[in-house]
Every structure is written in structure tokens, then in C-alpha cells.
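Undergrad: next come a sequence and a model predicted from it.
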Amino acid sequence: MLETARKALDKPPRWRPRPRSVALWLAAVAAGAMGAVAISAPAQAALRDGAAIQQGRFIGFAANAQLLCNNQASCTSGSNATYRNIAATEFNQVTPENVMKWETIEQNDDQYNFGPADGIVAFAQANGMKVHGHTLVWHSQTPGYVQGLSAAAMRAEMQEHIQALVGRYANNPTVVSWDVVNEAISDSNGQLRQSFWLNTLGPSYIADAFRFARQADPDADLCINDYGIDGINTKSNAMYNLVQSLINDNVPITCVGFQGHLQLNQIPSTLQQNLQRFADLGLKVRITELDIRIPLPSDQNELQQQAQNYATVVNACLAVAACQGITLWGIDDGNSWLPNSCCGNEGDALLWNANFQQKPAYAAVNTALGGGTGQVPGTPGTPTATNVTASSVTLTWTASSGTVTNYQIERATGATSTNFTQVGTSTTTTFTDTGLAANTTYRYRVRAVNSAGASPYSAIVNVTTTGGTGQVPGTPGTPTATNVTASSVTLSWTASSGTVTNYQIERATGATSTNFTQVGTSTTTTFTDTGLAANTTYRYRVRAVNSAGPSSYSGITNVTTSGGSTGGNCTYRIDAWNDGYVAYVTVFGPRSGWSMPFTIGANNTIINSWNAIISPSSGTNRTATNMSYNGNLSAGQSTQWGFQSTRPAGGPLPTFPDCTPE
Ligand code: XIL
């Protein structure tokens, strides 16, 4: 390898992981010298929190300067706040999608327009990101006045343009790399692309561009970038030969960019091997413009396959030590260059959909990057109880170390009970539990959750609610069940004697279980319990509460729900990886309310669920019931619910006894 190239590679890498400490974070914010505003990170583990990113790889996006910064150099706001917030919190690298191209920077000779590019750089600096400059010498998006020049004038114009643009940011530690030459290889024959650059200047224009860039910035990474070179093929062989000859000629090239504009289920099987052979030349490699397009309209199945495709690409990069990271060519499907600017009626190629909802591909990339820190959070502190009243208590605990999505608060009733059930979640380190009985001892514990799973439980705190002075109510009558359906039952009972604040209704599942948990309260002597599983026996008891405390429990009533329809009217699909999975269940109408039992592995933690309520919050036997908006399905209608879960050590996958696999 040549001296110049080696010098560049021997420099300490300018890439640094994003600052993590508050002090560094504040310093980074304060350093937002160009006026850009930093946006604070969400509690949920972001892509840039992945273990791979913490270890020095980058995850980036192509920035639309209008959406991000209103095209302004100050970049204090953009035209889309959601876009801007995702940009600020999910990524630690950014490539301007268009505004560093020649037609924006120097539309007319010597009239420079750096404002939109400055804005993206300022945003990056304020949010702890690095910038990859794109692009200096390209046959596209370059004004006509350049294309018509004589050879000598064109070469001089190229040098002047590169000096102005690269030189502007050479001393800015946020701007670390450049696509010096873009798309120089022909698609068909392994030759250099026929372009005005080649036709006017001959093949030496490539080496010249790199030398001019090196003169303008002595230590930026200088890349050649192209599409269709992701796998081993004629075009990537041509790139390989070109790069090798550049190195032999002492040209200061330090990296190769693989655009990665890919199609669904056509990820080259030789991607990793291809990256590695370029790395073996002593170069850095990077995926510069990743998107994976789907023929429109896309369906759920394809979105799943796309997620797997994304994981394949990320894993290929991570398997190559010299692969610095991955840039996605946009954030959301609604603002992508697809399908309008490329590739027929194909799109839906990114990690967020047009409503800025995370797609399955988001979770796949997050997981592949080492989801959150890749570690579960530390154990939270033992909760302390304050503001204890006859019916409520406020708990506060010391935060867990590590990335925390939220805390789960669990309660058991009785001074020694270990029958804990989740009573709420909190994104802060405090929680107020209400609706308690007076004069009653409860036990609380908390744990923290992130995308890698749940922390150990905190120690337990016992809390006794204050008592009223009067008498507790008399024992209510044993409930009777009416209106029993496949998913609900109405209970009625004879009122307690004495003063009653309300009744607590408790339920156990199974004909003989005594594992009762409270499912609701009522200020009348009736209660309808919904969201039950079909064909299942439940047991109910009630008690009355007033400020003096609870009454004795009523007698127990057993109720068996009617048979729901089983088999054939719901289907499921599971996408699993080493230690986790996502399950998708499609429920078909006609239904008026539905509930569906399922099992999961003993140590699984459900991290996320959608379109259904899952209860209980722990254990292997769970039930999903409809939300208010998707319970009623007429014939021909369907709804899909699902959840993401861990499965430590590759444990068993969930089962859905009512449903058939897709
Ligand atoms: C695309 C942009 O995404 C579009 O907004 C623009 O209209 C055309 O260029 N290869 C590249 C990128 O190197 O610069 C291209 O970006 C996509 C293909």
C-alpha cells in the first residue's frame, strides 16, 4: 500500500462513539456553535444505543435539509418535528442527501451556497453525530457549466470546487469523511462509466479528485462510492481492480462505500465476503445508502422478510472489522427517494413507515446492533413508600444503571404473600398506586426493562395503608353469574351491611385455583368482567371496603365461559432470532370481542405488544384480549396483534392453541 494512504489510515480514527455522560452530553450541546438545538434522548433504547455503536460503529441516515433544518444554516427547527426528533435521537451519523452535491453547493460558477449543508453539520454537532460528505465528483446533479468545460478548465474547476467544499469543514471534527468519487463504474461491462468527467479528462480524473480532496483535508476518510457493488459480481470486481490500482499509484483513497440500494430478498449472499476483500486491501468499508425496497403495495409478510434482510446486511457489516457503519438512505418511507426518484413502483424501503411508525425492520436493526446496550438494566433500588393513605401509596426508588425503557411495578396483598402481579409501569423512578383497601398490608417490588429484557427485581417493601376508625363492612353475598359469553360475565351480589366505599372483585383462573387477583372495583353490587378466554373456568369472590378496611370475602362462584370458535379463525407467525422473537397473530371475524390464550417460555419477558391487552404480566400462560377498537370484526374483517419477547438461551417459542400457523 502507498505511503499516503497508509499515513491516512495510521492516524487515530476521527470517529468516536457518541458521548454518554451527562457532562459530555452537555458539552456537546454547548458546542452546537452554529446554533442548532439538541433534542434530548427518549427513554426507549435507540438504534445508536446498540452495543455495536457503543463499540465504535456508526448508524446513520441521509438527511433531508428541508425536513431537518428548513434548509437553514442555523438549523433551529425543521419542517417536520417528528422527523427531526427521530434524527436527533436514533442516529450518530448523518450524510446530507442532496445539499452537498455540486448543484446545490455551486449551482453557478463561484457562487457558493453552503447554508443548507452548514445546517446539517450544525445539527450533527449539536447531537453528537459525525457527518459524511456526499459527494464531490459525480456525473449526476452537476450543473451544465461544469460539463461543457475544456479538459484544463474542468480539472481546475474540480480542484477549486473540492478545495472550497472540503476545505470549509477540514478543521471541523464533526465532518470526518467524503464520497470523493461517486458511481464511476459502468453497470454493464466492468469498465469506467462513460461520463463527461471520463470523456473530457480520461481515467485520471479519479486520482486527481482524491489528491485534491487530500490537499483540502489532511485526515478525512476519502471514499469511492457506488451501487450494485454490494456482492461479488462484474461491477464489484471492476471496483476492486480500480481501487487496487489507485492504491498502487499512491492515490490517497482510504475507504469504499457500498450504497446498498437493495431489493427485497435479494441481499447478495457474498456481501460479507465482498466487504472483507476490500477491507483486506487495507481500506475501510461502509454501507452508505442502505434501503431495501418492496414492490408496492407491501404486505405484512414482506415487511417481515424485509426485517430479516436488514438484519442480514447489518450482520454482514458487523462481521467485518473494517466496516465502520451503516447509513440508511432516509428515515421514513414517506420521505424516501423511492418510489418517485428510482426503481419503478417499489418502495417502503426504510425503518419507519410514512406515519413514522417503526416497522419490523426497525426492531431487526436495533437487535442486530445489539439492542440497547445489549444488557438488561441493573437492579433498581428498593422502593420507599411515602404519602401512605387509606387507599393509596407513592413509591420511589433509585434508578437502575444502563438503558431503561420503563419500570414495572408489582404488588402482592398480605404481609408475606409472594403472589405478585403488575399494577403499573413508569418511565420515571416514582409511581403512585391507588384504589387500595384501608388497614391492609401490601408488598411492592419493581424491575427495569429495556430491549434486552428485564433487570432482577428490587428488594420488597411492605406498606400498610392507614385505617379508618369505624367498622369494616359486613361480608357481601356470594356473587351470581349472568350473561356468560365466550369472553365476559356479569356478577351480582347482595350488598354488605354497613358503610361501603366500594367492592373489590377478585378472580382466579381454573376450577380450583386460589390464586386470586383483583380484576376491578365497583361502587354498585354488580360488575362485568371482560376479556376472558373462551371455554375457561374462572372463580370470583368479592369483598367490601370502607375507610376502616376490607370486609371478609364472600363465598366463591365458579363460572365457565362459553366455547369460542377455535382453530382456523386465527393464524400466527413467529419471527425468531437467537434470544428473542416477534409473534404476529391475525384474528378473523366475525367476532364480537375476542380473547386468545397462549403460552410463552418460562423466562421470557414481553418487551412490547400491540393491538391487544396481554395478561397476566408474568408466567407461561397468558391471554390476549382485544382492544376497544379491534374487538368487533365482521365476516371478512381481520385484525393483527402481536408482541416482541426475549427468550434467554434460545428457549421455546410461544404457542397459540386456538390458531393455525401461517
Ligand atoms: C438521490 C436522492 O436521494 C434524491 O433526493 C435525489 O433526487 C437524487 O439523488 N445514489 C447516490 C445518491 O449516490 O446521491 C442518490 O440520492 C441515490 C443514488
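TA: Perfect, I can see it now.

Undergrad: all helices of the stretch 551-662 of the chain, in order?
TA: Applying DSSP state H, counting those that start in this stretch to the stretch 551-662 of the chain gives no helices.

Undergrad: where does it dip in pLDDT?
TA: The stretch 551-662 of the chain contains residues with pLDDT under 70 at 563-568.

Undergrad: give me the distance between the nearest residue to residue 101 once chain neighbours are set aside and the ligand.
TA: Once flanking residues are discounted, residue 101 sits nearest to residue 141: 4.4 Å by C-beta to C-beta, 6 or more residues apart in numbering. All C-beta atoms are positioned from the backbone trio N, CA, C, and that covers glycine. For residue 141, the distance to the ligand (C-beta to the nearest ligand atom, to the nearest Å) stands at 6 Å.

Undergrad: please apply the same query to residue 287.
TA: 13 Å.

Undergrad: how about the residues of the stretch 201-350 of the chain near the ligand?
TA: Within the stretch 201-350 of the chain, the positions near the ligand by C-beta under 6 Å from any ligand atom are 259, 289, 337, 341.

Undergrad: thinking again about what came up before, the residue nearest to residue 101 falls within a strand, correct?
TA: No. Counting by DSSP: H, G, I helix; E, B strand; the rest coil, residue 141 is not found in a strand; it is coil.

Undergrad: for the closest residue to the ligand within the chain, give me its contacts.
TA: Here the residue of the chain nearest the ligand is residue 337; by C-beta to the nearest ligand atom that distance is 3.4 Å. If you count contacts by C-beta atoms under 8 Å, 6 or more residues apart in numbering, residue 337 has them with 97, 329-330.

Undergrad: so it, which of the three states?
TA: Relying on three-state DSSP, one would call residue 337 coil.

Undergrad: do the same with residue 306
TA: helix.

Undergrad: I'd say it and residue 292 touch.
TA: Yes. If you go by C-beta atoms under 8 Å, residue 306 and residue 292 touch, sitting 5.3 Å apart.

Undergrad: related to what we said a few turns ago, which among the residues of the stretch 201-350 of the chain next to the ligand end up buried?
TA: 259, 289, 337 (16 or more other C-beta atoms under 10 Å).

Undergrad: thought the second one was touching residue 259?
TA: In other words, residue 289. Yes. The pair residue 289 / residue 259 is scored as a contact, 4.1 Å apart, by C-beta under 8 Å.

Undergrad: pull up the overlap in contacts between the two.
TA: Counting by C-beta under 8 Å, 6+ apart, the shared contacts of residue 289 and residue 259 are 227, 329.

Undergrad: which residues are in contact with residue 399?
TA: 380-381, 429, 448.

Undergrad: what's the most distant pair in those?
TA: 381 and 448 (10.5 Å; C-beta to C-beta).

Undergrad: what sits against residue 418?
TA: residue 412.

Undergrad: longest strand anywhere in the protein?
TA: strand 284-295 (DSSP state E).

Undergrad: neighbouring strands for that strand, and are they parallel or not?
TA: strand 255-258 (parallel), strand 261-263 (parallel), strand 323-328 (parallel), strand 346-347 (antiparallel) (DSSP bridges).

Undergrad: TSV for the ones you listed, including distance to residue 60 and mean neighbour count?
TA: Below are the strands paired with strand 284-295 laid out as TSV (distance: least, C-beta to C-beta, whole Å; neighbours: other C-beta atoms under 10 Å):
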stretch	distance to residue 60	mean neighbour count
strand 255-258	12	28
strand 261-263	15	20
strand 323-328	4	26
strand 346-347	20	20
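
Undergrad: in a markdown table: those strands, plus mean pLDDT.
TA: What follows is the strands paired with strand 284-295, written out as a markdown table (pLDDT from 0 to 100):
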| stretch | mean pLDDT |
| --- | --- |
| strand 255-258 | 98 |
| strand 261-263 | 98 |
| strand 323-328 | 98 |
| strand 346-347 | 97 |
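
Undergrad: how does this protein divide into domains?
TA: Per automatic domain parsing, the domain ranges recorded for the chain read 20-368, 384-464, 480-560, 570-661.

Undergrad: give me the pLDDT for residue 167.
TA: Note for residue 167: predicted pLDDT of 98.

Undergrad: who's in contact with it?
TA: 216-217.

Undergrad: residue 217 versus that one, what's the distance?
TA: Distance of residue 167 to residue 217, computed by C-beta to C-beta, to the nearest Å: 7 Å.

Undergrad: if the residue nearest to residue 607 when sequence neighbours are not counted is in a bridge, with which residues?
TA: With C-beta to C-beta, 6+ apart as the criterion, residue 607 has its nearest non-adjacent residue at 5.0 Å, and that residue is residue 644. Beta-bridge partners of residue 644, counted by DSSP bridges, are residue 582, residue 608.

Undergrad: what's the burial count for residue 644?
TA: 19 (other C-beta atoms under 10 Å).

Undergrad: quick one, strands of the stretch 301-450 of the chain?
TA: 323-328, 346-347, 384-386, 393-396, 406-413, 421-426, 430-433, 441-450 (DSSP state E, counting those that start in this stretch).

Undergrad: most neighbours per residue, which of those?
TA: strand 323-328 (a mean of 26; mean count of other C-beta atoms under 10 Å).

Undergrad: quick one: low-confidence ranges for this structure?
TA: The low-confidence ranges in the chain, as defined by pLDDT under 70, are 1-44, 372-375, 451-452, 468-469, 563-568.

Undergrad: circling back to that earlier point, can you tell me which of the contacts of residue 337 has the most neighbours?
TA: Neighbour-wise, the contacts of residue 337 (other C-beta under 10 Å) top out at residue 330, 25 neighbours.

Undergrad: in space, what's closest to that one - neighbours in sequence excluded?
TA: residue 336 (4.4 Å).

Undergrad: return stretch 239-259 as PDB; C-alpha atoms alone will do.
TA: Output of stretch 239-259 as PDB, limited to C-alpha atoms (Å, rounded to 0.1, in the frame of the first residue of the first chain):
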ATOM      1  CA  MET A 239     -14.300  -1.600  -8.500                       C
ATOM      2  CA  TYR A 240     -11.800  -3.900  -6.800                       C
ATOM      3  CA  ASN A 241      -9.400  -3.600  -9.700                       C
ATOM      4  CA  LEU A 242      -9.800   0.100  -9.800                       C
ATOM      5  CA  VAL A 243      -9.200   0.600  -6.100                       C
ATOM      6  CA  GLN A 244      -6.200  -1.700  -6.200                       C
ATOM      7  CA  SER A 245      -4.600   0.300  -9.000                       C
ATOM      8  CA  LEU A 246      -5.400   3.600  -7.100                       C
ATOM      9  CA  ILE A 247      -3.500   2.200  -4.100                       C
ATOM     10  CA  ASN A 248      -0.700   1.100  -6.300                       C
ATOM     11  CA  ASP A 249      -0.500   4.600  -7.700                       C
ATOM     12  CA  ASN A 250      -0.200   6.200  -4.200                       C
ATOM     13  CA  VAL A 251      -3.700   7.800  -4.500                       C
ATOM     14  CA  PRO A 252      -4.900   8.800  -1.100                       C
ATOM     15  CA  ILE A 253      -8.100   6.600  -1.000                       C
ATOM     16  CA  THR A 254      -9.000   5.200   2.400                       C
ATOM     17  CA  CYS A 255     -12.400   3.800   2.000                       C
ATOM     18  CA  VAL A 256     -15.000   2.200  -0.200                       C
ATOM     19  CA  GLY A 257     -18.700   3.000   0.100                       C
ATOM     20  CA  PHE A 258     -21.300   0.300  -0.800                       C
ATOM     21  CA  GLN A 259     -24.500   2.100  -1.400                       C
END
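
Undergrad: having no further points to raise, I will conclude here.
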